[in-house]
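In: Build the 3D model from these lines:
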Amino acid sequence: MSLSAVHGTLSSLKSCQTDIGTGMDIVTDVALDLAETQGMTPDIQEMEAMILECAKLDREINLFVDVVQQVTSEATTQPPEAMFNLSATVKEQFEERAARLSDAELQNHQKVLAFRDSIKNSLNQANQESAEELDEDIAVTQSQVNFTCPLTQVEMVNPVKNKKCNHHYDEVAIVGLIKARHSQQKKCRCPVVGCGNTDVKESDLMADQILRRKIQSHKRQNNRT
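Out: Sure, this is the predicted structure:
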């Protein structure tokens, strides 16, 4: 087994992981459609179970990639014949670490939290809209403000919400800024003017599916007009 082949396999796994994330977003969108039209239903609960299964698979891929990278890194300092035992070593360490994992940890997976937060917000929003009449002009103005990323100053594609300060950014832009700051050994300050959050972390970010759907709806309306 060559290390180049190992790296190729890891690259394929990471691509698969991206597809899993996309699938979880699609399931969340379908669940939101149901929540908006029918309220909480057993189907939504089944979709939440699907999200949890996907989160479990995503976690296992992360664990496997971590084990492989650790084992191959150690193998480079060992005799060449150690390469023949890579597969067995990876399997042994993966099974050992996987046995210590708890399903309770999946409750904190970013996509799981985003699913539950989206459904909760959708149901709350539906209740509020049925209880009071919203001013259309104000609602549109507020939505358009929220559509703009404070970093790129353009309409967001994949908005994420900061759990600490509640500000929104486009995912690619804020993650890029966080990594750039960390490479300089600096903390990432929230780019919203006047915000006191001086340490934005990736773990603080949560996908905002409802806002993403609003942006997509806004785009469709603009295209029709």
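
In: Got the domain ranges for this structure?
Out: Residue ranges for each domain of the chain read 1-132, 142-225, as given by automatic domain parsing.

In: between the ones you listed, which gets the lowest average pLDDT?
Out: Comparing mean pLDDT across the domains of the chain, the weakest is domain 1-132, with a mean of 84.

In: Now the residue lying closest to L113 once chain neighbours are set aside: which helix or strand?
Out: Closest residue to L113 apart from its sequence neighbours, by CB to CB, 6 or more residues apart in numbering: M206 at 5.8 Å. Bear in mind the C-beta positions are built from the backbone N, C-alpha and C, glycine included. Counting by DSSP states H and E, the element that carries M206 is strand 205-207.

In: Which other helices and strands does that strand contact?
Out: helix 110-131, strand 159-162, helix 171-183 (3 or more CB pairs under 8 Å, 6 or more residues apart in numbering; DSSP states H and E).

In: could you point out the longest helix in this structure?
Out: helix 3-38 (DSSP state H).

In: which parts of it are buried?
Out: 6, 10, 20-21, 24-25, 27-28, 31-32, 34-35 (16 or more other CB atoms under 10 Å).

In: Could you single out the nearest of those to S217?
Out: Distance to S217 across those (CB to CB) is lowest for L32, with 11.8 Å.

In: Spatially nearest residue to the closest one, not counting backbone neighbours?
Out: Closest to L32 by CB to CB, 6+ apart is S122, at 5.4 Å.

In: That neighbour contacts A35, doesn't it?
Out: Yes. Look at S122 against A35 with CB atoms under 8 Å: they come within range, at 4.5 Å.

In: Name the residues of stretch 191-200 that are buried.
Out: 191-192, 195, 197, 200.

In: before we move on, what about stretch 38-45?
Out: Applying 16+ other CB under 10 Å to stretch 38-45 flags I44 as buried.

In: Can you pull out the residues in contact with it?
Out: 31, 34-35, 119, 123, 126 (CB atoms under 8 Å, 6 or more residues apart in numbering).

In: go on, stretch 88-98?
Out: By CB under 8 Å, 6+ apart, stretch 88-98 touches 60, 63-64, 67-68, 70-71.

In: Stretch 115-127 too?
Out: 24, 27-28, 31-32, 35-36, 39-40, 44, 47-48, 51, 206, 208-210.

In: ok, L211 touching E155?
Out: No. Using CB under 8 Å, L211 makes no contact with E155, being 11.0 Å away.

In: Find the residues that touch each one of those two.
Out: F147.

In: Tell me which of these two has more neighbours.
Out: Taking other CB atoms under 10 Å, L211 and E155 do not tie; L211 has more neighbours (20 against 15).

In: Can you give me the distance of that one to S118?
Out: 9 Å (CB to CB, to the nearest Å).

In: D103 too?
Out: From D103 to S118 the distance is 22 Å (CB to CB).
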